[in-house]
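Visitor: Predicted model and sequence follow; I will ask about them next.
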Amino acid sequence: MCQIFAGQDPADYEPETRRMRLNGLSTSIRLERAFWQIVDEIAASEGLSTPGFVSRLHSEVLELRGEARNFTSLLRCACLVRVRHTLAPVEVIAAE
């Protein structure tokens, strides 16, 4: 089982920093490359550039929560939500 996890391409979990503007403020966000790939896919599916999507998400979080605590973790969790919603549901068979 661990080969699935341990055997990953190291490039996938290499950190990558991207500079962008969030609501007019210049900032940098550091995520692993695999997460950036998913963020790029989400942005494209929404018809936005990646900085445009990230900025919109940041604005919506501010509107809903009043702050964007640990925004990079929120981005990672957004990627998990995306993956969960795109995977077919797995039927769990209860042991008798």
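Guide: Structure's in. What do you need?

Visitor: how about stretch 38-47: buried residues?
Guide: Residues of stretch 38-47 classed as buried: 38-39, 42-43 (neighbour count, 16 or more other CB atoms under 10 Å). Backbone N, C-alpha and C define where each C-beta goes, glycine included.

Visitor: should've said stretch 58-71
Guide: Buried residues in stretch 58-71 (16+ other CB under 10 Å): 58, 61, 68, 71.

Visitor: Restricting to C-alpha, output that stretch in CSV.
Guide: C-alpha atoms of stretch 58-71 as CSV (Å, rounded to 0.1, in the frame of the first residue of the first chain):
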residue,chain,number,x,y,z
HIS,A,58,-10.0,35.2,-1.2
SER,A,59,-12.7,37.8,-1.6
GLU,A,60,-15.4,35.3,-0.9
VAL,A,61,-13.7,34.0,2.2
LEU,A,62,-13.3,37.6,3.5
GLU,A,63,-17.0,38.2,2.8
LEU,A,64,-18.1,35.0,4.6
ARG,A,65,-15.7,34.9,7.4
GLY,A,66,-14.3,38.4,7.8
GLU,A,67,-10.7,37.1,7.5
ALA,A,68,-8.7,34.6,5.5
ARG,A,69,-6.8,32.7,8.2
ASN,A,70,-4.3,30.2,6.8
PHE,A,71,-5.3,30.8,3.2
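
Visitor: who touches it?
Guide: 22-23, 29, 74 (CB atoms under 8 Å, 6 or more residues apart in numbering).

Visitor: Over to stretch 12-31?
Guide: Around stretch 12-31, the neighbours that count as contacts under CB under 8 Å, 6+ apart are 32-34, 36, 39, 50-51, 54-55, 58-59, 62, 71-72, 75-76.

Visitor: Need the per-residue pLDDT for the closest residue to A11 other than its chain neighbours.
Guide: In space, and not counting its chain neighbours, A11 is closest to R33: 6.2 Å by CB to CB, 6 or more residues apart in numbering. R33 carries a pLDDT value of 97.
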